[in-house]
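S.K.: what follows is a predicted protein model with its sequence.
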Protein chains: 2
Amino acid sequence: MAFQSFFRPEGIVLIGATSDPSKLGHGVAENLMTFPGVVHFVGRESGVMLGRSIYASLEQVPDPVDLAVVLVPAHAVPDVLRACGRRGVRSVVIASGGFRETGHEGAALERTCVEIANRHGIRFLGPNCIGVIDTHVPLDTTFLGPSRAPEGSVGFLSHSGALCAAVIDWSRGEGFGFSRLVSLGNQADLTETDLLPAVAEDAATEVIAMYMEGIGDGRGFVDAALGTETPIVVHKAGRFAAGQRAATSHTGALAGDEAAFDAAFRRAGVLRASSTKEMFDWARSLAWLPAMRGPNVAIVTNAGGPGVIAADVVEQAGLSLAKLSEATTAELRILLPPAAGVTNPVDMLASATTEQYAQSLQTVLADDGVDAAMVILPPPPRQRAEDIADALASLNYTKPLVVALMGGPAIGMAADRLRAARIPDYRFPTEAAGALGALYRRSTFRRHTLCVSPADGGGAPIAGEGWLGQVAALALIEDSGIPSVSTVGAADAGEAVRAAASLEYPIAMKAEAPGLIHKSEAGGVILGLENPTDVRRAFHLLSERHKGLLGVVVQPMVSGDQELVVGVIRDPQFGPLLMFGSGGVGVEGLKDVAFALAPITYEDIEYLLSETVAGRNLPEAAVREVEGVLVRLGALAADHPEIVEMEINPLVVRSLGEVRALDARVRVGQSTGQEPDTSIEG
Amino acid sequence: MAFQSFFRPEGIVLIGATSDPSKLGHGVAENLMTFPGVVHFVGRESGVMLGRSIYASLEQVPDPVDLAVVLVPAHAVPDVLRACGRRGVRSVVIASGGFRETGHEGAALERTCVEIANRHGIRFLGPNCIGVIDTHVPLDTTFLGPSRAPEGSVGFLSHSGALCAAVIDWSRGEGFGFSRLVSLGNQADLTETDLLPAVAEDAATEVIAMYMEGIGDGRGFVDAALGTETPIVVHKAGRFAAGQRAATSHTGALAGDEAAFDAAFRRAGVLRASSTKEMFDWARSLAWLPAMRGPNVAIVTNAGGPGVIAADVVEQAGLSLAKLSEATTAELRILLPPAAGVTNPVDMLASATTEQYAQSLQTVLADDGVDAAMVILPPPPRQRAEDIADALASLNYTKPLVVALMGGPAIGMAADRLRAARIPDYRFPTEAAGALGALYRRSTFRRHTLCVSPADGGGAPIAGEGWLGQVAALALIEDSGIPSVSTVGAADAGEAVRAAASLEYPIAMKAEAPGLIHKSEAGGVILGLENPTDVRRAFHLLSERHKGLLGVVVQPMVSGDQELVVGVIRDPQFGPLLMFGSGGVGVEGLKDVAFALAPITYEDIEYLLSETVAGRNLPEAAVREVEGVLVRLGALAADHPEIVEMEINPLVVRSLGEVRALDARVRVGQSTGQEPDTSIEG
């Protein structure tokens, strides 16, 4: 397995060891003492520390050494890396700070480190990280204090070291533990994408949690996520900290900085949590519970109010309240008092006994219409919550069960019992339902199938830079197989009249001028010209309105039942991103759009059409046509990395489902290097 | 103060006392023993219990007795109420279950109890409730176990007794306590609206939390909420449990069951939390912190990652990242190491000392551009979190401060210190930002001002029941002062031709048939008829399409720049509810609508216009016209309780801002009794 020396090395050396207990280097030394293999110290002091010699240099350290943990001042790190190279240590954790995060000088130093590492075949983590933990070895290269990471099955990769520290401490009260933790720091060399497989494929790991602020190789991450069966939950932050993308199309404005992440996570089957807490709430259910085959949840409660709340949040989590069978309700009627509620939520009343809890749960789980259950357990008036927990834990069943164990001190022991039995407990129904929702989405995730593109695979790169003219843009669209409206360019009024004559009156005229992108909004479109006089007048009007008018295009008037927008923006992290939705002049106000990575998959198409009002309102006859446009535009973007923005608005849907591109904008620029691997299939 | 005997009685009698410790009646007796005043027991046993005599009947109990707590079998409750009446006990808690919640018989018994109470001037809480708690008296009429409610300043009213039990236990770990708690049960007599003032005006109460599943008198609740300065946070559940409203208009379909609650809470300045936990997260900040004057938050952190998360969630909570002044950043530069981030978020680095925490916070709070601060405190690498907490607590400042105190056991003592200093702590930045967002919304809430209606106050009720004809509906709209398009009815083709002749060609024809509400969708509208032949053909076509055609209406063709929808639905809990948004055929698909209670306020208008794409896209010239329509339609609904649904769709906006109602639907039915108090002003 790759990067094994970071988690199960034969011998570790700490470079920067010190006996001063106020120094971080001492903290690392202490934590390394739990490692059952070879550990050596290198430091400026001489003598013995924690029962081991402190060597003056790496040369003096005896074999084996395959992992170095470096905590020396930043300026000394390059020399340490060279020493590692000479000694044949190929795995290094650079915990030291003082690099890119401090400014230009630090960034230069960081680049030097990368060069040295590359020269010596060294892979390193950091700098500016707290290192790695494998609780099962155990190995802990961090300087974190007494609150050691508890053993468990959550693998955690984090762009923030402080968050690791906080989460390790917090996890004790939440009753889960970790398999491997990786603090990624500045990711000068190794990234979350590199290390994901090493954490996911560890036998102790049942789920991956990731705290992420950005991503270097977005398509690589998608592939890595698809390369493991281990479920992945991400908390992605940095939405508002990130700089705004420079984009002039509607697509760019509407995509913001998060649309590509959402599209990529959807394709990769990665679950996106909205907070750190939610990420770990979901992770426990994903780690401990069997797959959830359908969306139907049965709620078993001893109290009406929490049952009402649970019914709400089950629906909000994208799940359904299971409809219990007649046999089930009949059985519940026998088990429970007459006043009990035997439909879902099953309300056993406050008098519910331990046996009633167990039997009611067993009964609903046996119902074929039930895919998962949520038991609600507030401090019971006349019983001990831990007895009920024990009874739930001793049942036999194969469907997912979560418990809303509501309370504080009175339910502490019950929580311990449930956790020991791998039944996730949450303080409120909201979190319990959210976890089931995540489990269901993950359980029903299927790998996407890439649409077969009818395009010919590209041809020569498009010449030039900046926005193409309207005629050229529509011609490019038309060449890719997307039908567009006849469009003729004209440089003066006379040409415009001749162009109009080659079409059919009434016609529309659109201005072409530098910086004129959204023509309708800027008064650059004149519709319904009936005759040559109208055309001349319109040309002169546009000349007056738009200084530096380069010319106009004329088109026949096309009306349609629906106006769509289809666009592509090249995301710096994920490459081409396709947008679909309601088009026309008000597109940015309507915000009725959805996004998918290009080239797109059959699952993406289903998503784009079901997620938008535009898609849901599409006449049946137009669906295949629109699918064709999405596939072709996605292929065009994938084949031409030089297209940085591209948009058809409106794409008009006419009667009988015919679609026509009425206007197109294409911007040509520098490729960002993030290109899709079009081989993702099956 | 009203209902004082429920919280500070002179003498209490428990009816249903028993020495059997497995019975709830014993639990109540034990809890009542903490009451410092007079407590008596009535029960079927004779003898002494908990040092007090058990009396056989209420007659035997010595004075004073002004509160009875009743826990006898349901069938015995009426007699107990009669006895209370005879004895002059006017305040009763009926804890017994077995009433409406169990079916028809129980409901009848409950009605009997109400009748008896009314006859004797008794006000009672319940049945099927756990009663009241006042932690400061202390008084506890519940049967809850050893986990007594901690003292504090949160007043809690709950439609669920079990939730009270769970929340009391849970609150201990969260570090807040209660002033008064009320479990409302079936609310056969007293409701949350009745008791809200008694909890809000208690001197110990600083914030009200309410768990609510529905509401009887919605307008009364709005008045009660406006009648107190105490902030109110509600968790309203029952969204999916509630039965679907019977409504045929788009307005009814789009309103769902929650729109009226949202509109009412907005008018009343009530904050709506999405979960129980969020409600109490917000409540602590509302109780402990001063008002937040502006939206600008400064973040002070010792770690980058949590700072990035905090920046995200501050924006998501509707707040802004404060822009620090140059003086502030200069001062921070002196306080902090060179690599620290001195813009917002202020990143003091992992080495941050206790002094740096305190001084950095003091510095940003002194900045005029900062309205509140969030300090982020993960377990610090080389310090004790509690020392930092102490330093923060000892500062002098007048702006709100929240702390994201991230961790578990390592930050437990720090949490205690902060809570003692009334600084709210949250485990993650998400909750901390959410609480500040709630505080800001509450701090900036201003009472609404009702729009002055130009209508004449109603006139005679509209005759009939069911949907009005199109001509009548548009006439009603027109009479109320809303301009509409000329509309002429016709019963046969000849009449239709004559009607068309009285207008101007081209004209539009619309079918009128039983059950035909959404005419366009059902093929009941034919546009662009150019001459009498067209009109005849169209009439015959509509006759064929619509069995039982009652006739048609004809209108001149009207085109506009924008189609709006304006509607009213009469909510069973809150009375007339007004909808505004994007209209036309696709109105339900677009879902671009917002709601306000009718008659509306100036603040509502601002909200409706800013919350919808339709409102934001409205041409400046049309704003006053649209405002006029909203005010008039709201007044029409308020003046005519017999209108149960009413909708103008489309309301067309023409050039120069002129608006015209093109189609209207009005349904007349039974008034629900929920009528607005139009005197809400100032």
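M.R.: Nice, thanks for sending it over.
S.K.: which one in chain A is furthest away from the centre?
M.R.: Residue farthest from the centre of chain A, counting by C-alpha atoms, centre = their mean, is A:Thr533 at 56.3 Å.
S.K.: output the below-cut-off pLDDT ranges for chain A.
M.R.: A:1, A:146-147, A:240-248, A:454-458, A:671-682 (pLDDT under 70).
S.K.: can the helix or strand harbouring A:Glu625 be found next to chain B?
M.R.: Using DSSP states H and E, A:Glu625 sits in helix A:623-639. No. Using C-beta under 8 Å from any C-beta of the partner chain, helix A:623-639 stays clear of chain B, with a minimum separation of 15.9 Å. Using the backbone N, CA and C atoms, a C-beta is placed for each residue, glycine as well.
S.K.: which elements pack onto the helix or strand that that helix is followed by?
M.R.: Following helix A:623-639 in sequence order, the next helix or strand is strand A:643-653 (DSSP H and E). With contacts taken as 3 or more C-beta pairs under 8 Å, 6 or more residues apart in numbering or on different chains; DSSP states H and E, strand A:643-653 sits against helix A:250-255, strand A:562-571, helix A:623-639, strand A:659-661, strand A:664-668.
S.K.: okay, the angle between strand A:643-653 and strand A:664-668?
M.R.: Interaxial angle of strand A:643-653 relative to strand A:664-668 (axes from the mean of the first three to the mean of the last three C-alpha atoms, to 10 degrees): 170 degrees.
S.K.: can you list the residues of the stretch 101-250 of chain A near chain B?
M.R.: A:101-103, A:106, A:143-147, A:158-163, A:165-167, A:169-174, A:211, A:213, A:235, A:237-241.
S.K.: now a PyMOL select for only the buried ones of the residues you listed.
M.R.: To isolate the buried members of those in PyMOL, using 16 or more other C-beta atoms under 10 Å in any protein chain shown:
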select buried, chain A and resi 101+102+106+143+144+145+147+158+159+160+161+162+163+165+166+167+169+170+171+172+174+211+213+235+237+238+239+240+241
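S.K.: what about the residues of the stretch 101-250 of chain A next to chain B, which are in strands?
M.R.: Of these, the ones assigned to strands by DSSP state E are A:Ser158, A:Tyr211, A:His235.
S.K.: closest to A:Thr112 out of those?
M.R.: When those are compared for distance to A:Thr112 (C-beta to C-beta), A:Ser158 wins out at 25.6 Å.
S.K.: now that closest one. Nearest residue, chain neighbours left out?
M.R.: A:Tyr211 (4.3 Å; C-beta to C-beta, 6 or more residues apart in numbering or on different chains).
S.K.: ok so, going back, and the helix or strand the residue farthest from the centre of chain A falls within, what's buried?
M.R.: Here A:Thr533, judged by DSSP H and E, is contained in helix A:532-545. Neighbour-count burial for helix A:532-545, counted by 16+ other C-beta under 10 Å, picks out A:Pro532, A:Asp534, A:Val535, A:Arg536, A:Ala538, A:Phe539, A:Leu542, A:Ser543.
S.K.: elements contacting that helix?
M.R.: helix A:493-502, strand A:507-512, strand A:525-529, strand A:551-556.
S.K.: next, A:Ala17: phi, psi?
M.R.: phi -70, psi 150 (degrees, to the nearest 10).
S.K.: if we can go back for a sec, just put the buried residues of helix A:532-545 in JSON lines and tack on distance to A:Leu450.
M.R.: As requested, these are exported to JSON lines (distance: C-beta to C-beta, whole Å):
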{"residue": "A:Pro532", "distance to A:Leu450": "50"}
{"residue": "A:Asp534", "distance to A:Leu450": "48"}
{"residue": "A:Val535", "distance to A:Leu450": "46"}
{"residue": "A:Arg536", "distance to A:Leu450": "50"}
{"residue": "A:Ala538", "distance to A:Leu450": "45"}
{"residue": "A:Phe539", "distance to A:Leu450": "46"}
{"residue": "A:Leu542", "distance to A:Leu450": "43"}
{"residue": "A:Ser543", "distance to A:Leu450": "47"}
